[in-house]
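Visitor: pasting the sequence and the predicted model now:
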Amino acid sequence: MPKKKKKPKPAAKKAPPKKAPAKKAVKAPAKKAPVKKAPVKKKSPAPAAIKKKSAASGKKSAKKKTASNSVVAAKAETVSLGRPLITGEEKLFLLFREDYHARQVFDFLRVETVKELEQFSPQEIVQRLSQPIRQTVEGIRRRLAEKNRCLAGDEDYAARYKEKI
């Protein structure tokens with residue numbers, strides 16, 4: 001009773017080639033990554049293309065395109081700093097414990113926390129800090145002008161001040 005052998009070996013040999021195309025499918029998603037980067041780069045030329053199209057088309061489409069351009073511009077102006085590394089309630093004297101001059105500025109502004117300090121713009125801080133100095137120098141100029149004296153190169157101010165009196 002000899003049994004006939006089935007040829008399962010050739011079928012087994014055909015299975016590995018099926019796995020090879022599966023590897024090719026894995027490579028396809030890797031190619032999609034550059035595709036994601038391409039639309040990001042195309043966003044900046046897109047408004048220029050929209051402007052060209054809107055100039056060619058009627059006024060109604062131009063108004064629609066400019067509205068979308070302003071939204072894009074508003075998004076571009078917003079800057080994200082990421083997640084804050086310190087809380088708003090962080091004490092400034094601890095954060096700037098090695099910077100004596102910064103602590104003096106905080107005392108002058110009467111702020112104690114980062115949140116309070118963030119209410120000021122850099123220009124406003126400079127203006128508030130320099131205002132007493134400007135007032136003091138102005139007082140010095142007045143007093144010297146009253147005594148017929150002046151600072152270096154400030155003779156015009158002294159003469160004008162004397163005329164007012």
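Guide: All right, it came through fine.
Visitor: quick one: residue 163 from residue 143, how far?
Guide: Distance, residue 163 to residue 143, by Cβ to Cβ, to the nearest Å: 17 Å. For the C-beta atoms, the positions are set from N, CA and C on the backbone; glycine is no exception.
Visitor: and these two? Which one has more around it.
Guide: Between residue 163 and residue 143, residue 143 has the larger neighbour count (other Cβ atoms under 10 Å), namely 10 against 7.
Visitor: can you get me a residue count around residue 156?
Guide: Count around residue 156 with other Cβ under 10 Å applied: 9.
Visitor: likewise for the one 3 residues further on?
Guide: The tally of other residues near residue 159 (other Cβ under 10 Å) stands at 11.
Visitor: let me see the contact set for it.
Guide: Contact partners of residue 159, counting by Cβ atoms under 8 Å, 6 or more residues apart in numbering, are absent.
Visitor: mind running it again at 10 Å?
Guide: Neighbour list for residue 159: 145, 150 [criterion: Cβ atoms under 10 Å, 6 or more residues apart in numbering].
Visitor: which positions in the helix or strand containing it come out as buried?
Guide: Assigned by DSSP states H and E, residue 159 belongs to helix 155-164. Residues of helix 155-164 classed as buried: 157, 158, 161 (neighbour count, 16 or more other Cβ atoms under 10 Å).
Visitor: what does stretch 89-98 give?
Guide: Judged by neighbour count using 16+ other Cβ under 10 Å, the buried positions of stretch 89-98 are 92, 95.
Visitor: put the alpha carbons of it into CSV.
Guide: The C-alpha trace of stretch 89-98 is given here as CSV (Å, rounded to 0.1, in the frame of the first residue of the first chain):
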residue,chain,number,x,y,z
GLU,A,89,2.8,82.3,41.2
GLU,A,90,6.5,81.8,41.2
LYS,A,91,8.2,84.3,43.4
LEU,A,92,10.6,86.6,41.5
PHE,A,93,13.1,86.9,44.3
LEU,A,94,13.6,83.1,44.2
LEU,A,95,13.8,83.1,40.4
PHE,A,96,16.3,86.0,40.2
ARG,A,97,18.1,85.4,43.5
GLU,A,98,21.5,85.9,41.9
